[in-house]
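Undergrad: Quick one, what's the 3D model for this:
(one chain, ligands or ions: 1)
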Amino acid sequence: METVVSGIRSTGRLHLGNYFGAIKNFVKMQKGNNCFFFIADYHSLTTHPQPEDLQRNVKQVLVEYLAAGIDPEVSTLYVQSDLPEVAELYLLLNMSAYVGELERSTSFKDKIREQKDNVNAGLLTYPVLMAADIIIHKADKVPVGKDQEQHLEMTRTFSNRFNRMYDIEFFPEPVAYNFGEALVKIPGLDGSGKMGKSEGENNAIYLSDTPEIITKKVMRAVTDAGPTEMNQQMPQEVENLFVIMKTVSSEDTVAHFESLYNNCKIRYGDFKKQLAEDIVKFTNPLREKIEELESDDAYLKKVTKMGAEKARESGRKTVNEVREIIGFGPR
Ligand code: TRP
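TA: Next up is the predicted model:
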């Protein structure tokens, strides 16, 4: 059985793009793998240090992942800061991470530009903490998107360096979990590309959006003036809506509107109304589950406590061994 680790940003609600892109696969992955999913709240301090937001964000992410189907009895679902051993491993790994290589990371360069007034050391060492997250459980696989590949590469560098420094085969080399065909890319509603990529209010449909909000967003989605020739190629923004429709509507519905488009008879108003209805039908049970979980603090507490215990059992073992390898001796 392989060990899989994935960190979840604690800022930002889940949208349909996350759901079809990653979460659905997380849920499937739970069977047959030893999965650790954690909410990266330490990491969030590099960009979102406001104390009043911290716990609210963590709770939001927790309920949304539970609602989407992460099973805390099957996987280890925990909050990063409930595993203090990761902070120790991070400190130890920092001793052999070079400032030069950290400065060359693309995400660090992006952040320097994005938050000029707060270029903190946590941003610089973000990849070291991420490496600690992964190797603390000796992960084999990490399900990451394109934007995290460089971080995973750095994780391998730090693991190998540790192994070489102490002349021991200790940390495995974690590789990206490849979803292959199963990875569906959901476009946004504003014609610009991936859902959630642009900040626009109407670009993404969140799992927690009410039917009214979903309808409003879909009705405002960007389209063109409509087809003028039979079977003409769809402009990107219209094709995007069809891609979304394919994930939530029946094949018949999709075929119906495709044929209307090809015959220049499509009315975007009707098309969007159907799309909104089908999205609502799809997200409603998830939203209801989210609301139910939100009000069940006792259950959430039970889940995080169980997650923390399982994560610490695994993390403590690794950090004890690391301490011994480095020369500290066990605690
Ligand atoms: N950096 C990841 C992101 O922005 C989140 C993350 C933190 C992570 N630690 C991780 C992902 C460990 C995978 C494994 O999405």
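Undergrad: which element is residue 3 on?
TA: Applying DSSP states H and E as the criterion places residue 3 in strand 2-9.
Undergrad: As PDB, could you dump the C-alpha coordinates of that strand?
TA: In PDB, the C-alpha atoms belonging to strand 2-9 read as follows (Å, rounded to 0.1, in the frame of the first residue of the first chain):
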ATOM      1  CA  GLU A   2       1.400   3.400  -1.000                       C
ATOM      2  CA  THR A   3       1.300   6.400   1.300                       C
ATOM      3  CA  VAL A   4      -0.200   9.500  -0.200                       C
ATOM      4  CA  VAL A   5       0.000  13.000   1.300                       C
ATOM      5  CA  SER A   6      -1.800  16.100   0.200                       C
ATOM      6  CA  GLY A   7      -2.000  19.500   1.700                       C
ATOM      7  CA  ILE A   8      -5.000  21.700   1.200                       C
ATOM      8  CA  ARG A   9      -4.900  25.500   1.200                       C
END
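Undergrad: mean confidence for that strand?
TA: Averaged across strand 2-9, pLDDT comes to 95.
Undergrad: Give me the next element, helix or strand, following it.
TA: That would be, after strand 2-9 and using DSSP H and E, helix 16-18.
Undergrad: Where does the stretch 201-331 of the chain get nearest to the ligand, residue-wise?
TA: residue 311 (12.7 Å; C-beta to the nearest ligand atom). Where C-beta positions appear, they are placed from N, C-alpha and C, glycine not excepted.
Undergrad: quick revisit: against which helices or strands is the strand holding residue 3 packed?
TA: strand 33-40, helix 41-44, helix 51-68, helix 126-135, strand 141-142 (3 or more C-beta pairs under 8 Å, 6 or more residues apart in numbering; DSSP states H and E).
Undergrad: Figure out how far the helix or strand just after the third one is from the centre of its chain.
TA: Read it as helix 51-68. Scanning forward in sequence from helix 51-68 by DSSP H and E, the next helix or strand is strand 76-79. Averaging C-alpha positions (C-alpha atoms, centre = their mean, to the nearest Å) puts strand 76-79 14 Å from its chain's average.
Undergrad: Ok, stretch 213-225 next?
TA: 25 Å.
Undergrad: Name the residues of that stretch that are buried.
TA: 214-215, 217-218, 221-223 (16 or more other C-beta atoms under 10 Å).
Undergrad: Report the mean per-residue pLDDT for stretch 168-177.
TA: 96.
Undergrad: what sits against residue 207?
TA: By C-beta atoms under 8 Å, 6 or more residues apart in numbering, residue 207 lies in contact with 13-16, 19, 64, 67-68, 283, 286-287, 290.
Undergrad: which one of the residues you listed is nearest residue 82?
TA: residue 64 (18.2 Å; C-beta to C-beta).
Undergrad: Setting aside sequence neighbours, what's the nearest residue to that closest one?
TA: In this structure, residue 64 finds its nearest non-sequential neighbour in residue 14, 4.5 Å apart by C-beta to C-beta, 6 or more residues apart in numbering.
Undergrad: For that neighbour, give me its contacts.
TA: Per C-beta under 8 Å, 6+ apart, neighbours of residue 14: 23, 61, 64-65, 68, 206-208.
Undergrad: next one: residue 30
TA: Contacts of residue 30 by C-beta under 8 Å, 6+ apart are 70-71, 74-75.
Undergrad: By neighbours, which of the residues you listed wins?
TA: residue 75 (23 neighbours; other C-beta atoms under 10 Å).
Undergrad: Would the strand holding residue 3 count as contacting the ligand?
TA: Yes. Using C-beta under 6 Å from any ligand atom, strand 2-9 comes into contact with the ligand via 5-7, 9.
Undergrad: Find me the pLDDT at residue 246, would you?
TA: 96.
Undergrad: Run a quick neighbour tally on it.
TA: That count, for residue 246 with other C-beta under 10 Å as the rule, works out to 15.
Undergrad: Quick check: the gap between it and residue 287.
TA: 21 Å (C-beta to C-beta, to the nearest Å).
Undergrad: hmm, back to that, export the buried residues of stretch 213-225 as a markdown table, with columns for distance to the ligand.
TA: Listed next are these as a markdown table, based on distance: C-beta to the nearest ligand atom, whole Å:
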| residue | distance to the ligand |
| --- | --- |
| 214 | 25 |
| 215 | 30 |
| 217 | 24 |
| 218 | 27 |
| 221 | 26 |
| 222 | 27 |
| 223 | 31 |
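Undergrad: Next, format the residues you listed as JSON lines and append pLDDT and secondary structure.
TA: Listed next are the buried residues of stretch 213-225 as JSON lines, based on pLDDT from 0 to 100; DSSP: H, G, I helix; E, B strand; the rest coil:
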{"residue": "214", "pLDDT": "97", "secondary structure": "helix"}
{"residue": "215", "pLDDT": "97", "secondary structure": "helix"}
{"residue": "217", "pLDDT": "97", "secondary structure": "helix"}
{"residue": "218", "pLDDT": "97", "secondary structure": "helix"}
{"residue": "221", "pLDDT": "95", "secondary structure": "coil"}
{"residue": "222", "pLDDT": "93", "secondary structure": "coil"}
{"residue": "223", "pLDDT": "95", "secondary structure": "coil"}
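Undergrad: hmm, back to that, now, which of the contacts of residue 207 sits nearest residue 1?
TA: residue 68 (22.8 Å).
Undergrad: Since that was my last question, I'll sign off now.
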